[in-house]
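A.B. asks: My questions are about this predicted structure, shown below with the sequence.
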Amino acid sequence: EVQLVESGGGLVQPGGSLILSCAASGFIFRDYWMSWVRQAPGKGLEWVSVISSGSGITTYTDSVKGRFTISRDDAKNMVYLQMNSLKPEDTAVYYCNAGLDYGSGYDSYWGQGTQVTVSS
């Protein structure tokens, strides 16, 4: 059974930091690109960051560049999102996603999400 379980969300003041974690199981983690995607209240899904399989190349949406860092530990089947200098507009449910394009199809798995609230 595939599982992605996020943790680490919570309430933080503007300018604060949080580390989100995502524990993966049930698939070959090292083969998958891992992403963080968020959904703010009343808005659609917004892709935040991705880390590739293998070389671990990272990409970020412009609004979080320089503040967020994505990383992965293939030995532990974990992906992380270090979030610094948090802003109220970062308030959202954050989802972990695993994706693999195997040519003839695409696998995509989602976690249940973790709430991040940035407020004073």
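C.D. replies: Yep, that arrived. Numbering: from 1, shown residues only.
A.B. asks: Show the backbone phi and psi for the spatially most central residue of the chain.
C.D. replies: Centroid-nearest residue in the chain, with CA atoms, centre = their mean: Trp36, separated by 2.4 Å. Main-chain torsions, Trp36, degrees, to the nearest 10: phi -110, psi 130.
A.B. asks: Could you do Asp62 as well?
C.D. replies: phi -60, psi -40.
A.B. asks: hang on, the earlier thing: tally of neighbours for the spatially closest residue to the residue nearest to the centre of the chain that is not a sequence neighbour?
C.D. replies: Spatial nearest neighbour of Trp36, excluding adjacent residues (CB to CB, 6 or more residues apart in numbering): Val48 at 4.4 Å. From N, CA and C alone the C-beta is placed, and that goes for glycine too. The number of residues packed near Val48 is 24, by other CB atoms under 10 Å.
A.B. asks: Name the residues of the helix or strand where Val48 lies that are buried.
C.D. replies: Assigned by DSSP states H and E, Val48 falls within strand 45-51. Within strand 45-51, the residues that count as buried by 16 or more other CB atoms under 10 Å are Val48, Ser49, Val50, Ile51.
A.B. asks: Just give me the closest of those residues to Gln3.
C.D. replies: Nearest to Gln3 among the buried residues of strand 45-51 is Ile51, at 18.9 Å by CB to CB.
A.B. asks: is it true that that closest one touches Tyr32?
C.D. replies: No - look at Ile51 against Tyr32 with CB atoms under 8 Å: they stay out of range, at 9.9 Å.
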